[in-house]
Structure formats: structure tokens, C-alpha cells
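sequence first, then the predicted structure:
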Amino acid sequence: MKFTFNNDTKKGWRLLSIPFIFSLLLLAAPLTMMFLLSFWTQDYLTLDKTFTFKNYIEAATQPVYKLLFTRSLIISLTATFFTVLLAFPMAYFISFHGGERKALWLFLITIPFWTSYLIRMFLWKVILGYNGVLNSFLIWLEMITEPLTFLLYNANAVVLALTHGWAPFAILPIFVSLEKIDRSLLEASTDLGDSAIDQFFRIILPLSAPGVIGAALIIFIPTVGDYITPKLVGGTDGLMIANMIQVQFSKANNAPLAAALSVSSLMIVSFISIVFVLFNRKYLRRY
Amino acid sequence: MINQVEVKNVYKNFGDVKAVDGVSLEISQGQFFSLLGPSGCGKTTLLRLIAGFEMPNSGDILIDNKSMDGIAPNLRPTNMVFQNYAIFPHLNVAENVAYGLRKKRLSKDEKLEMINKSLELVGLSGLNNRSSNALSGGQKQRVALARALILKPKVLLLDEPLSALDKKLREQMQSELRHLQRVVGITFILVTHDQEEALTMSDKVAVMFDGKVEQIASPRELYERPSSKRVASFIGTMNFIDAIGSKSGEKIKVENRILGKFELPQNQVSGNHVNNKLTLGIRPELISINPRKSKSADFIEGEIEEISYLGETTYYKIICGKDIEPLNVLTQNSFGQMNYKVGEKVKLNIDKDNIVGFSG
């Protein structure tokens, strides 16, 4: 096949070149290096550059990694589930009952972003801690005499903090997909005999599926690799794979193993994401 | 005839806007009824009040003598064809058509038979599994019809169903809809701003202006005997000429400088009090140009100002004097007929028996 470049194509390439080089340098290059690194081995202070699957074998066989992978997925999927579940009614409310104040509601939803993610996560320590807000409040109410210790430093605390932290990311795509639903479809479904509940399950939910799947992916992908939240509120029970990767890169001084763990977790996340998309292809394809 | 739908003194306001301002009308069973009016006249609101999407501020709507007050749209014996068709994009043709059947306890075979029957009715046989996104505008229209008719509603409501179609298809759908209505025998209520559409399809037409019904009549009556100047000018073209009128027994004596003196039957003059001022309405086709058998002195001199050739007909604008508006004249074209030119002097003859008058 012969390619001919007309002026528009050239212009397009020129426009594209800067972001392309940018992503090549900052995304493709590091990923490639990471990928290469995962097939090498750390020999105390030197890097043994002979090609080997040793790191992957270790990642797959050592029980600790398996535990961390599973836990990361469970925490992340649970957080995703709850975030989407809680975000849906909010998005629904804004879209269907926001009236003329839709813009204000959306603005209010972005307010948490005015505070850094790190600080928001740290504040969960203040809320859930031994002498934290929640315990003090319960003691003041005389509902408990001793502070509760199961609140913080476990997987539940991580799920709670993640659900809070990522809520806006779920509300917005769901809101957009709800906004896109032609309101005359709702009238048509009522006209054809649907009650409000029928209508929700037969029209609103299927038509907002693209937004729901989008929201789920937006939350699931980054939270699997989150390392600040488990570090701050997860204790030992709540540690996730990213914490191990960080340890391997720094304290354990085993960058190749860390790279192999990273690549593995990348693969797992990609696989699950593809399953997500394929599972809902029926809905996504229609738009 | 039995009244299927009865609208009793219905008012509906949106804020300060009186969308429906005291409307009463009766629609008999099996009738093709149209609500005709310019945009913003309240015709769609009235349709939505019948469907139950809006609730009246006061007044009542009865279907089969049952008050619809407080009854939700999903529980009313009406179904609607929406202006943009509102075809469910995530469902295929058969699923769309069967949408309302879910609650009726039917076996799969019964359902399939009903779907096939109603698709056949609208001329979409065999398209059961077609994705709704792959449908043309006309096909969507038919799916919307099949989806509503499959439920056998007592009243089918159509909200400007043909406005999104191109002219040719629109005309085809007009006759198909009319035919369909006769076949199924369901009462149809059509909302339209297109007077031609209302006239060709309906048994009866209600003309609405500013939330009020101005006239309810058969298409023929509406065209030939409009009850007001507004109706007359909204439906078709009408020449208006000021005249002086006075009552004399059963007739109305009319006097005009150009038309001379003549009499009109009482039923051709509307308005409550006939004093002096009268506006005469003359349809363009009642005027003939240079008639062969003209009744001697009974013609008007005029000069052609404008000619629009429309294929089977030709429109002329003819000046007949400084103090009256140019007259619109419509003639049927036939081959080998005289061609007039702009500026040509012509003689006009007016069929006075069918002139209508508006007073008050």
C-alpha cells in the first residue's frame, strides 16, 4: 500500500508530534524499561542482565505475593462496587432532580478535590483512630466505654477510604450517561405501562450502563495499584501489592522483582478490565 | 355516536402561561380527530393532558365516561406515538414492539404472533431482529405505531408524528395512517401544525389558538365555512375584503365598492352581531380569470402583479384597486391554456355564493 500525505495529514502529524513524543518519553519508554528490568536479576549491587523468568516464577509461587495480589483485587473490587453503588443515586438525583441547579451540584461534588488526596486519606486516620473523631463521639454519647480498635488499620478501613476518595470519579461518568438518556424514552415507557421501578430496570439502568462500566474501570484500575491509602489506614492486614512493590524497589533493593510484580499486576488489571468491557459490550456497542 | 374522549372545561397553566385555557371538546369512538394550530397554541399540552403526562389545573378529562383525574399515564387506556418516535435504542424492533406486553400474561408463541401481526399491520414484516439504530425515520415511525397499537388502546395519541419525515414519505404516511385507522377502528387524536395534514387525514379538526379552541368542524366545513378570520387565514389562503353588511330577514345584505351589492345566507356569516362592518373571505379558487361565459357586467378589472407556477396550479396576485389588498387567485392548469403575463390587464369573476363573511 502506498501512503500519500496531503497537507491536512502533515498538519495532523505535526500537531500530534509533541504529545506523541511526550507520551513516548514518559510512558512508553519507562514501561519498556520496566518490562526489560523484570527479566533481569539483582545480584547484590550489580544488575545481572541475563534473560530469565526467575522473577515471574517467584512472583507466581511465593504465597506472600499471591496473598497480596488477591487482597489488592478484593479491596479494589469491593471499593469499586461500593463507590459505584453510592455514586449512582447521587448522579441520578443530579440528573433527574437537579433542575436548574445541576451545575451547582456538580461544582459541589468537585469540592473534595480542593484538598490533596494524601490529606483526605490521612484524615481517615483522624476520624477512625484510637482517640479519633468517631471513637470520641461514641464515648461522648456513652455508647461505648473503651475506644473501638477495629475501625482503623485493616482492609475495611482501606475500602472505606477508597470509596470516599474516588466517589466524584464515579459520579461524573454516571451523571453524563444519565444526562444522555432521551427523556421521551421515559415517557414512552410510562405510556406503555411501566411503573417507576419497571422503568428504572428496563430503561434507565441499561441505558446508563456505559457510564457505570466507565466509572467502574476508572476506579478499579487506579485503586488496585494504590499505595498511599493502604499505607496510611491499612495496617498490616490492609497492605496491598503496591506497598510490596515499593518495598522491593527501595528497602529490599530488588528492582527486577519489583518490576516483575508491577508487570504482573498490570497484566491482571488489563485482563479484568477487558472482561469488564466484553461483559458489557452489548451495551457499549450501541453508542 | 358514543363519546370516547370528553374534555370538560380544562385549564392548564405553566407559570404565567395559559397553555390550555378552558377547552371543552368531545371525540366520538373510532374518529380520526386532529388538534390543529400554530406552535405554542396548546395543542401538544392538550394531548399530554389526555395521555396523563400533565395534570389539568381544573376541569376533567373523561375516557369512556370514566374520569381520568389522578390516573397515571401507565394506567390510562391511551397510547402515544411521540414526535421523535422514542424508540428504545437498546432493544431491537421486536423487543420495542413487545415492550408493553410484558405485564400481560402471554405465552411466548402468543407474544410472537402479536408482534408479527402488528409488524405486518405497519408494513415491517420480517424486521423483528433489526437493531433499532439501523432503522430509517419512516421505519422508526412504524415501529412506534406498532408498539402502541399492539396494546389495543382505546385512544391512540399522535404528537406531530410526521413532522420529521420528508415530504414524499410524509404524504405516503398520511394515507397509510388514515388507512390504518380505518382498519383498527381505534380513536386517533393527532396533533399537527400542518393544515394540509389535518385536512387530508381527519374526520374532525379542532383549530386552536392561544390555548383556546376556535372551531371544531369537518375538514370541508373548516375550509369552506371557517368561523373566524383567524381560522380562515390559518387554513389555506383567503382573500379578505372589507364590506358593509346589514341583516335583512334570513339573509345578509352585503355592499362593497368592487363587488357591488349581493346577499349571503345567514350561515355563511359568522360573528354575533351583524351591524355595519363585515369582512368578506374569498378563497382563491372562487375567482376566475377572463371567464368565457362571464355574466355581462359582473366582473372586476385587475392587473396581474405576480405569477407563481406550481405545476398543476398557478397562483396569481392581481391588483384590483388602490384601496384593497391584491387578490390571490388560483387556477387549475391544463395543457394549451392561455398564458398570462405580469402587468397584463384581466377580468375577474367571483363566485359570490361561496363567499363567507366575518363580523364583530
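Thanks, I have the structure now. Numbering: from 1, shown residues only, chains lettered A, B, ... in the order given.

and the residue nearest to the spatial centre of chain B, what pLDDT?
Taking C-alpha atoms, centre = their mean, the centroid of chain B lies closest to residue B:198, which sits 2.6 Å from it. As predicted, residue B:198 sits at a pLDDT of 94.

select the longest helix from the chain.
As the question left the chain open, I've gone with chain A. Of all the segments of type helix in chain A, defined by DSSP state H, the longest one is helix A:63-97.

let's do chain B instead
Chain B, longest helix under DSSP H: helix B:167-184.

list the buried residues in that one.
For helix B:167-184, a neighbour-count test (16 or more other C-beta atoms under 10 Å in any protein chain shown) marks B:169, B:170, B:173, B:174, B:176, B:177, B:178, B:180, B:181, B:184 as buried. C-beta coordinates here come from the backbone N, C-alpha and C atoms, glycine included.

just checking, the first one touches residue B:139?
No - between residue B:169 and residue B:139 no contact is recorded; they are 10.3 Å apart, counting by C-beta atoms under 8 Å.

poorly predicted segments of chain B, please.
B:1, B:272-275, B:293-297, B:360 (pLDDT under 70).

quick one, domains of it?
As assigned by automatic domain parsing, chain B contains the domains B:3-229, B:237-358.

which of those domains is buried the deepest?
Ranked by mean neighbour count, the domains of chain B are led by domain B:3-229 with a mean of 19 (mean count of other C-beta atoms under 10 Å in any protein chain shown).

any part of it near chain A?
Yes - under the criterion of C-beta under 8 Å from any C-beta of the partner chain, chain A is reached by domain B:3-229 at B:51, B:53, B:72-74, B:78-80, B:82-84, B:86, B:88-90, B:99-100, B:102-103, B:131, B:133, B:147-148, B:151.

now render the domains of chain B as TSV, adding distance to residue A:169.
As requested, the domains of chain B are arranged in TSV below (distance: least, C-beta to C-beta, whole Å):
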stretch	distance to residue A:169
domain B:3-229	25
domain B:237-358	61
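
can you give me the helices in the stretch 101-250 of chain A?
Remark: helices of the stretch 101-250 of chain A, listed N- to C-terminal, are A:102-110, A:117-128, A:133-140, A:155-179, A:183-191, A:196-199, A:205-224, A:228-233, A:241-249; assignment by DSSP state H, counting those that start in this stretch.

closest to chain B out of those helices?
Comparing the helices of the stretch 101-250 of chain A by their distance to chain B (C-beta to the nearest C-beta), the top pick is helix A:183-191, with 3.8 Å.

surely residue B:59 is within a strand?
Yes - when the secondary structure is assigned by DSSP: H, G, I helix; E, B strand; the rest coil, residue B:59 falls within a strand.

give me the three-state assignment for the closest residue to it other than its chain neighbours.
Sequence neighbours aside, residue B:10 is the residue nearest to residue B:59 in space, at 3.5 Å (criterion: C-beta to C-beta, 6 or more residues apart in numbering or on different chains). At residue B:10 the chain is in strand, as set by three-state DSSP.

isn't residue B:10 right up against residue B:48?
No - in this structure, residue B:10 sits apart from residue B:48 without contact. The criterion is C-beta under 8 Å, and the distance is 11.5 Å.

tell me the secondary structure at residue B:311.
coil.

show me what contacts residue B:30?
The neighbourhood of residue B:30, defined by C-beta atoms under 8 Å, 6 or more residues apart in numbering or on different chains, consists of B:4, B:185, B:186, B:187.

which strands and helices lie in contact with the helix or strand hosting the first one?
Following DSSP states H and E, one finds residue B:4 within strand B:3-14. Contacts of strand B:3-14 with other secondary structure elements, assessed using 3 or more C-beta pairs under 8 Å, 6 or more residues apart in numbering or on different chains; DSSP states H and E, are made with strand B:17-28, helix B:43-51, strand B:58-63, strand B:187-192.
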